[in-house]
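>>> show me the folded form of this:
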Amino acid sequence: VAGLGNYGLRGTRHSVGMAVLERLARQLAVGEGWRADGRCCADVALAAARGLELVLLKPRRLMNLNGLSVASAAEIYSLCPEDIYLVHDDLDKALGKVAIKLGGSARGHNGVRSCISALHSNEMTRLRVGIGRP
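Residues are numbered from 1 along each chain as shown. Model (predicted):
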């Protein structure tokens, strides 16, 4: 599960994907387990939920380059694109509204576009979190 955003801009709506991952990590009791992983240039926490092993990922790159971290982590943890969930902001959804989307285009989102390019696939599941338009 990758929370897309701009690592240095915590607390902004554009980085809501990372905020969701931080909350998920706390709920899975691994909120203190984040560690920097230089191999994929990301903060990583490992968790278990409902019999599944999860890799939580917060890329340490700018949004436009998040895909490089996601692709590196996929290689390290032997994941295929279908195993990956991207959590990212969506300007076209009202603040706080969420939607799940399986595959398809990036719809203008640079972080998703970066993931599609780096993984050579658009088969990732996306959790789109509405941030509204300013």
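>>> please make it C-alpha for all contacts and neighbour counts, starting now.
Fine.
>>> can you give me the strands in this protein?
Per DSSP state E, the chain has strands spanning 2-3, 35-37, 42-49, 52-59, 85-90, 98-102, 125-130. These are given in chain order.
>>> how near is the most far-flung residue of the chain relative to its centre to Glu123?
Taking C-alpha atoms, centre = their mean, the residue of the chain most remote from its mean C-alpha position is Pro134, at 22.4 Å. Counting by C-alpha to C-alpha, to the nearest Å, the separation of Pro134 from Glu123 is 30 Å.
>>> and what of Asn66?
Relative to Glu123, Asn66 is positioned 16 Å away (criterion: C-alpha to C-alpha).
>>> of these two, who's got more company?
Asn66 (28 against 19; other C-alpha atoms under 10 Å).
>>> show me what contacts that one?
The neighbours of Asn66, taking C-alpha atoms under 8 Å, 6 or more residues apart in numbering as the test, are 4-5, 59-60, 111, 114-115.
>>> go again with 10 Å.
When contacts are counted by C-alpha atoms under 10 Å, 6 or more residues apart in numbering, Asn66 touches 2-7, 41-42, 58-60, 110-115, 118.
>>> fine, thanks again, bye for now.
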